[in-house]
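Asker: Sequence plus predicted model, see below.
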Number of protein chains: 2
Amino acid sequence: MLEAMGEFDLIARYFSRAPRRALVGVGDDCALIEPKPGTQMAISCDMLVAGRHFLDNVAPRKLGHKALAVNLSDLAACGAKPLAFTLALSLPSLDEGWLAEFSTGLMRLADAHDCELIGGDTTAGPLNLCITVFGEVQGSALLRSGARAGDDLYVSGHLGDARLALRALTGRLHLPPDLLTQTRDRLEQPEPRIALGLALRGWASAAIDLSDGLAGDLGHMLKASGVGATLEGPTLTGLLQAQSHPQWSQISPPVQALDEVLAGGDDYELAFTAPPALRDRIDQAAKSSQTPVTRIGRIDTQTGLRLIDAEGRTQPVTQLSFDHFKAG
Amino acid sequence: MLEAMGEFDLIARYFSRAPRRALVGVGDDCALIEPKPGTQMAISCDMLVAGRHFLDNVAPRKLGHKALAVNLSDLAACGAKPLAFTLALSLPSLDEGWLAEFSTGLMRLADAHDCELIGGDTTAGPLNLCITVFGEVQGSALLRSGARAGDDLYVSGHLGDARLALRALTGRLHLPPDLLTQTRDRLEQPEPRIALGLALRGWASAAIDLSDGLAGDLGHMLKASGVGATLEGPTLTGLLQAQSHPQWSQISPPVQALDEVLAGGDDYELAFTAPPALRDRIDQAAKSSQTPVTRIGRIDTQTGLRLIDAEGRTQPVTQLSFDHFKAG
């Protein structure tokens, strides 16, 4: 009797579990949690809309993963330990197969990070997912505003690959099959850098998660910190994983690795800063969290974002962040 | 340059304020709050979709009020003091006039309850509002599961009027103009019963907020508590404010007050229970919170919901809660 399954049954069937650290979980007017004394609560909220944040034909299991991953990435950028989340779902219809797959992807990632679903809402309407996530911060959180002139600038993982896949899937670029598979994984299955964020807390001077493209998101960090930065072009170029793929030369029309890295989007990596005296510490954090980390430049007193190219020339970076209202 | 206003400007312009009790508010990857030691955090999340939870032509200022009110109502039902909220907005277009009105209605209610906007997300897409609200609970929260056989059963305010307005506005009922104005206010401007919830905490044995209709929502409370209830029909009938309006007899087709009260929906009142020995306490809570409260029946060991009519006959209540997937 799928048609007769109402919203309360839906929550119970796919999403409710016995409360763990929550005192009260799904099923009362509110969930109740009791944060540890002396900790701060980090809270972030992301809304995903079909056709804008994900393609209509994305596999629901991957969508479940990604919807939570983008929120966990915000916790990572603050150095917070995941605690719990709420999920609000607007669904065009009650598709049991879709829900089973979606909740599998979602709950698998939630369990991997011991992040408890404590409440939510479901309604009929155009497909829309809204997750609010809660994390616990011991001591001082990582903020965007702490970068200081002279600090090293780092990023985790690879950048720009997700953007290649998105353009291929929307018909704006041709990617050879193996390269599409590899980059598509980066687009659809980002791994939030929780372990790195926790390892950096107390050491990094500032951090931000990269969701709208390196140039744009760095811009937010620099503005919040009242500083600028100079990036090393050749190092950036190396961050695009696709560039070292044997099928790289078959992309059509051809793309510039540097553009892809700077414009990016959907990377869900961390950009962060730390004084040069802490380079060993940062190496250690990268190792202990098993996360690749690359030093890509330095923070300057001069505001704005600059790039030193392979020939040693400095030029301003004019690439803009992806903006959901400006982009088509 | 309205067209060029991006999502970051939008948050800054209409919704960001200096953090008050939040350590970090709108503008970093996460907001940070530090709950008082010994308190629990109550969390609730509601998603509102155009054409389903509100009519497309609703005044944006009223929509701003209602979007937060329905969430605060969940805090009220737990006896929680409002603390903060996040707002995720999906908007079909950047309409500056709409946003100014929407944020005015939203922030006015937020300020009235000292509830701080600490974060959010905006995106382009079909109109959708998702709010997650945080409250502080001293001692034990009010839960749905505490009702015991022998307890009195109460509701706050009036019930059923919002449903009359909704049916009139969607062309299913004709209401004379004055009666439409009065009931429409109840539909569009519900006042969350925060003060009553706080006054009941520690005294009421169970509570729930009434959003989907008295019969259905009571059903959830009774199920969670493992009990049943018997309602007094004539008392219920008196809860429909429209019934004492001079234009009541001009409604067409005519409606039955009892049906309207039981089916209700969008009432945002509290239903709660307490032992008869605490009647004076409950009166006191109603007075101190300046909230009308009516005793409508009692809790029984026999499960299910029954009604005693004016002739003293007991009959089962078969009215079902409004369900967003079952209703058209």
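Answerer: That came in fine, so what should we check first?
Asker: Do a quick rundown of the helices in chain A.
Answerer: A:7-10, A:60-78, A:96-112, A:161-169, A:177-188, A:194-200, A:214-225, A:233-237, A:257-263, A:279-288 (DSSP state H).
Asker: Can you name the residues that contact the spatially most central residue of chain A?
Answerer: Nearest to the centroid of the C-alpha atoms of chain A, with distances taken as C-alpha atoms, centre = their mean, sits A:Y268, at 2.7 Å. Counting by C-beta atoms under 8 Å, 6 or more residues apart in numbering or on different chains, A:Y268 makes contact with A:A69, A:V70, A:S73, A:P190, A:E191, A:P192, A:R193, A:D209, A:L210, A:S211. In short, each C-beta sits where N, CA and C put it, glycine included.
Asker: quick one: pLDDT of it?
Answerer: Per-residue pLDDT puts A:Y268 at 97.
Asker: Give me the distance between it and A:H65.
Answerer: From A:Y268 across to A:H65, the span is 11 Å (C-beta to C-beta, to the nearest Å).
Asker: follow-up on the earlier one: how about the contacts of A:Y268 in a markdown table, adding neighbour count?
Answerer: Listed next are the contacts of A:Y268 as a markdown table, based on neighbours: other C-beta atoms under 10 Å in any protein chain shown:
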| residue | neighbour count |
| --- | --- |
| A:A69 | 24 |
| A:V70 | 23 |
| A:S73 | 26 |
| A:P190 | 21 |
| A:E191 | 18 |
| A:P192 | 27 |
| A:R193 | 27 |
| A:D209 | 28 |
| A:L210 | 27 |
| A:S211 | 24 |
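Asker: Just these: which are in strands?
Answerer: By the criterion of DSSP state E, membership of the contacts of A:Y268 in strands covers A:D209, A:L210.
Asker: ok, which of the contacts of A:Y268 also contact chain B?
Answerer: A:D209 (C-beta under 8 Å from any C-beta of the partner chain).
Asker: Which single one of the contacts of A:Y268 is nearest to B:L240?
Answerer: A:V70 (45.8 Å; C-beta to C-beta).
Asker: Just list the residues touching the residue nearest to the closest one when sequence neighbours are not counted, thanks.
Answerer: Nearest in space to A:V70, with sequence neighbours left out and distances taken as C-beta to C-beta, 6 or more residues apart in numbering or on different chains, is A:D46 at 5.3 Å. When the contact criterion is C-beta under 8 Å, 6+ apart, the partners of A:D46 are A:A67, A:V70, A:N71, A:D74, A:C130, A:I131, B:A88, B:D121.
Asker: Go through those and give me the one with the most neighbours.
Answerer: Tallying neighbours with other C-beta atoms under 10 Å in any protein chain shown puts A:C130 at the head of the contacts of A:D46, with 33 neighbours.
Asker: Kindly reformat the helices of chain A as TSV containing mean pLDDT.
Answerer: Output for the helices of chain A, formatted as TSV (pLDDT from 0 to 100):
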stretch	mean pLDDT
helix A:7-10	57
helix A:60-78	95
helix A:96-112	93
helix A:161-169	94
helix A:177-188	95
helix A:194-200	98
helix A:214-225	95
helix A:233-237	95
helix A:257-263	93
helix A:279-288	98
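Asker: would you list those helices in CSV and tack on distance to B:C78?
Answerer: Shown next, in CSV, are the helices of chain A (distance: least, C-beta to C-beta, whole Å):
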stretch, distance to B:C78
helix A:7-10, 18
helix A:60-78, 24
helix A:96-112, 24
helix A:161-169, 40
helix A:177-188, 38
helix A:194-200, 30
helix A:214-225, 35
helix A:233-237, 50
helix A:257-263, 45
helix A:279-288, 40
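Asker: between those, which one is nearest to B:T291?
Answerer: Of all the helices of chain A, helix A:7-10 comes closest under C-beta to C-beta, at 27.5 Å.
Asker: any idea how far the nearest residue in space to A:T237 that is not next to it in sequence lies from chain B?
Answerer: Nearest non-adjacent residue to A:T237, counting by C-beta to C-beta, 6+ apart: A:A257, 4.6 Å away. Taking C-beta to the nearest C-beta, to the nearest Å as the measure, A:A257 falls 26 Å from chain B.
Asker: A:A257 against A:S244, yeah?
Answerer: No. Checked against C-beta atoms under 8 Å, the pair A:A257 and A:S244 is beyond contact range at 9.8 Å.
Asker: the more surrounded of these two?
Answerer: A:A257 (20 against 10).
Asker: Let me see the contact set for the more buried one.
Answerer: So A:A257 contacts A:G160, A:T237, A:L240, A:A242, A:Q243 (C-beta under 8 Å, 6+ apart).
Asker: cutoff 7 Å now
Answerer: A:T237, A:L240, A:Q243 (C-beta atoms under 7 Å, 6 or more residues apart in numbering or on different chains).
Asker: Selection in PyMOL covering whichever of these are buried, please.
Answerer: The following PyMOL command selects only the buried members of the contacts of A:A257, with burial defined by 16 or more other C-beta atoms under 10 Å in any protein chain shown:
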select buried, chain A and resi 237+240+243
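Asker: B:S156: which of the contacts of A:A257 is nearest?
Answerer: Closest approach to B:S156 among those (C-beta to C-beta): A:L240, at 59.9 Å.
Asker: circling back to that earlier point, switch the contacts of A:Y268 over to JSON lines; also include distance to B:R172.
Answerer: JSON lines is the format used below for the contacts of A:Y268 (distance: C-beta to C-beta, whole Å):
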{"residue": "A:A69", "distance to B:R172": "44"}
{"residue": "A:V70", "distance to B:R172": "41"}
{"residue": "A:S73", "distance to B:R172": "46"}
{"residue": "A:P190", "distance to B:R172": "47"}
{"residue": "A:E191", "distance to B:R172": "50"}
{"residue": "A:P192", "distance to B:R172": "47"}
{"residue": "A:R193", "distance to B:R172": "52"}
{"residue": "A:D209", "distance to B:R172": "48"}
{"residue": "A:L210", "distance to B:R172": "50"}
{"residue": "A:S211", "distance to B:R172": "44"}
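Asker: Please compare the contacts of A:Y268 by their distance to B:L175 and name the closest.
Answerer: Top of the list for closeness to B:L175, among those and by C-beta to C-beta, is A:V70 at 45.3 Å.
Asker: Quick check: that closest one touching A:D212?
Answerer: No. Judged on C-beta atoms under 7 Å, A:V70 makes no contact with A:D212 at a distance of 11.1 Å.
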